[in-house]
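Trainee: turn this into a structure:
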Amino acid sequence: MYAKTTKGIIDSVVGGFNGTVFAYGQTSSGKTHTMQGCEGEPGIIPLAVKDVFEAIEASEGREFLVRVSYLEIYNEQMMDLLSKEVRLLPIRPRSRGARRSLRTFPVVTLHPRFPFNV
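Mentor: Next up is the predicted model:
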């Protein structure tokens with residue numbers, strides 16, 4: 001599934017474009033498993049992160065800034081899944097000068113965020 005749905009997005013991201021992967025479906029349809037995977041069968045997120053950092057390592061003479069958001073939208077409420085505390089984020093149309101309310105931090109390595117190797 002990764003190769004058909006996400007690999008092209010990752011290639012574009014490494015080329016300088018923004019990319020989004022969106023999982024949508026009813027409760028218990030496999031969204032979390034598809035995105036996160038399990039040991040021996042990594043999901044879209046660990047495969048995408050692996051490909052991004054492999055492409056960065058293979059690039060010479062370029063500098064990269066990696067920003068990642070991991071959100072859940074459920075019952076018209078949005079949560080930042082990278083934040084340690086549970087907090088709801090406002091859902092509103094973006095206008096010029098809108099504030100960003102997502103938690104950000106520098107991405108340095110894959111380890112220890114992923115519990116298995118890809």
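
Trainee: could you list the buried residues of stretch 74-86?
Mentor: Across stretch 74-86, burial judged by 16 or more other CB atoms under 10 Å covers 78, 80. The way it works is simple: take the backbone N, C-alpha and C, and place the C-beta from them, glycine included.

Trainee: and that stretch, how far apart are its ends?
Mentor: End-to-end distance of stretch 74-86 (CA to CA, to the nearest Å): 14 Å.

Trainee: the helix or strand containing residue 52 packs against which elements?
Mentor: Per DSSP states H and E: residue 52 is located in helix 44-58. Applying 3 or more CB pairs under 8 Å, 6 or more residues apart in numbering; DSSP states H and E, we find helix 44-58 packed against helix 2-5, helix 7-14, helix 31-36, strand 37-38.

Trainee: ok, now which ones touch the residue sitting furthest away from the middle of the chain?
Mentor: In the chain, the residue that sits farthest from the middle, by CA atoms, centre = their mean, is residue 61; the gap is 25.2 Å. By CB atoms under 8 Å, 6 or more residues apart in numbering, the contact set of residue 61 is empty.

Trainee: using the three-state scheme, assign it.
Mentor: Classification of residue 61 using DSSP: H, G, I helix; E, B strand; the rest coil returns coil.
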